[in-house]
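Visitor: Following is a predicted model, sequence given first.
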Amino acid sequence: MKILIQYPFQEKEIQAFRAVAEKHGGHELHHVTTEEEALRLAPDVEVVIGHFRPSVCAAAPGLRWVQSFSAGMDNFLFPEIVERDVMVSNAAGLHASQGGEHAWALLLALTRGIPHGVRSQDRGEWKGGSPPIELAGGTLGVIGLGGFGMEMVKRAAGYGMTVLTLDPVRVQKPEGVAELKPPTHENLYDLLRRSDAVMIACPRTPETYHLIGREALVAMKNTAYLINVTRGGIVDEASLIDALERGEIAGAALDVCEQEPLPPDSPLWRAPNLILTPHRAGASQHRPQRLFEFFLKNLERYLQGEQPLNLVDKERGY
């Protein structure tokens, strides 16, 4: 069997993968850096780890398992694997801690007026902006209770916030959650109306595309904040710009956009009370090591005939 890795692991890490492949059946492991190299090897490949392209998957008739480096799968569930008997594992949960930190960093930057302070510093001016907002004792709405959502909830405890949540899978309230409901239209709008801040932590699927649009933004308090660090497209960006310009919500922050990189002429750059960061919520100094350790463990499970961890339901999209 041939195993294909296309991810920038260090040489010592590739050797660790090779040792596991050799130990559990004497399998060949190939580390490639280009799609051309991957295509050349694809006809004999059973396992792909890291980056995987439609062309490579289509050229691999014996493909049985793909291990993705990403947590969100909206850009990766293409027909070449969805319509075949190919297992897909993702990296859900591996980037959750830093995702929760990033969401809270954005929310605190908005409520404490940090962007205004930085711009004043650049101009050498000792000026404040809008009055800072205190979050303690308020209400936080979290849409989705996967890894990112759970880390957002954990951090809310330090602010004594009442946490309202929606999730399509969980049925029991985790610690720190006041309410857990299924993501119906009625429940979504109830959460939006009651929350002082809303954090999006759900995957992008056909059901969540433009979930937060014009009607949803109008339902929010005009003093509320919206944070999205999971996937672009969940928030209707045109409606968000309109809501910010009209003062229908107090502010928003996006780490993800529907088109990435965000074009220089995008009106998002000029929207008031909006913070943009370039899809960095899942990044940290620990990410490469965590991916390596998880990939290695999952490869060993697969080669021993065990089910890989983090299997994706290809119909649901997560």
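Guide: Looks like it arrived, so ask away.
Visitor: quick one, helices of this structure?
Guide: Taking DSSP state H as the test, the helices found in the chain are 11-23, 35-41, 54-58, 79-82, 96-111, 114-122, 147-156, 185-194, 214-219, 237-246, 287-303.
Visitor: Tell me which of those helices sits nearest to residue 267.
Guide: Comparing the helices of the chain by their distance to residue 267 (Cβ to Cβ), the top pick is helix 237-246, with 5.5 Å. Yep, even glycine has a C-beta here, placed from its N, CA and C like the rest.
Visitor: Just the buried positions in the closest one, please.
Guide: Buried residues in helix 237-246, counted by 16 or more other Cβ atoms under 10 Å: 237, 239-244.
Visitor: likewise stretch 269-289?
Guide: Neighbour-count burial for stretch 269-289 flags 271, 273-276, 279, 281-282, 284 (criterion: 16+ other Cβ under 10 Å).
Visitor: Quick check: strands, which of those residues are part of them?
Guide: The strands, defined by DSSP state E, take in 274-276 from the buried residues of stretch 269-289.
Visitor: From those, pick the one nearest residue 298.
Guide: Of all those, residue 276 has the smallest distance to residue 298: 33.7 Å, by Cβ to Cβ.
Visitor: Correct me if wrong: the closest one contacts residue 268.
Guide: Yes. Counting by Cβ atoms under 8 Å, residue 268 is a contact partner of residue 276 at 6.4 Å.
Visitor: can you list residues touching both of these two?
Guide: Common neighbours of residue 276 and residue 268, using Cβ atoms under 8 Å, 6 or more residues apart in numbering, are 254, 257, 262.
Visitor: Looking at those, which are in strands?
Guide: Under the assignment DSSP E, the shared contacts of residue 276 and residue 268 contribute residue 254 to strands.
Visitor: Give me the buried subset of the shared contacts of residue 276 and residue 268.
Guide: Buried among those (16+ other Cβ under 10 Å): 254, 257, 262.
Visitor: Looking at those residues, spot the one nearest residue 22.
Guide: residue 257 (43.2 Å).
Visitor: where does the closest one fall, phi/psi-wise?
Guide: Backbone geometry at residue 257, expressed as degrees, to the nearest 10, gives phi -130, psi 160.
Visitor: Quick check, it in contact with residue 236.
Guide: No. The criterion here is Cβ under 8 Å, and residue 257 misses it with residue 236 at 11.7 Å.
Visitor: picking up where we left off before, the helices of the chain: lowest mean pLDDT?
Guide: Among the helices of the chain, helix 79-82 has the lowest mean pLDDT, at a mean of 89.
Visitor: what does that one contact?
Guide: For helix 79-82, the external contacting residues (Cβ under 8 Å, 6+ apart) are 52, 54, 57-58, 63, 66, 88, 314.
Visitor: Look up phi and psi at the most centrally placed residue in the chain.
Guide: By Cα atoms, centre = their mean, the mean C-alpha position of the chain lies nearest to residue 230, the distance being 3.3 Å. Backbone torsions of residue 230, given as degrees, to the nearest 10, read phi -100, psi -70.
Visitor: Model confidence for it, exactly?
Guide: So, for residue 230, pLDDT stands at 96.
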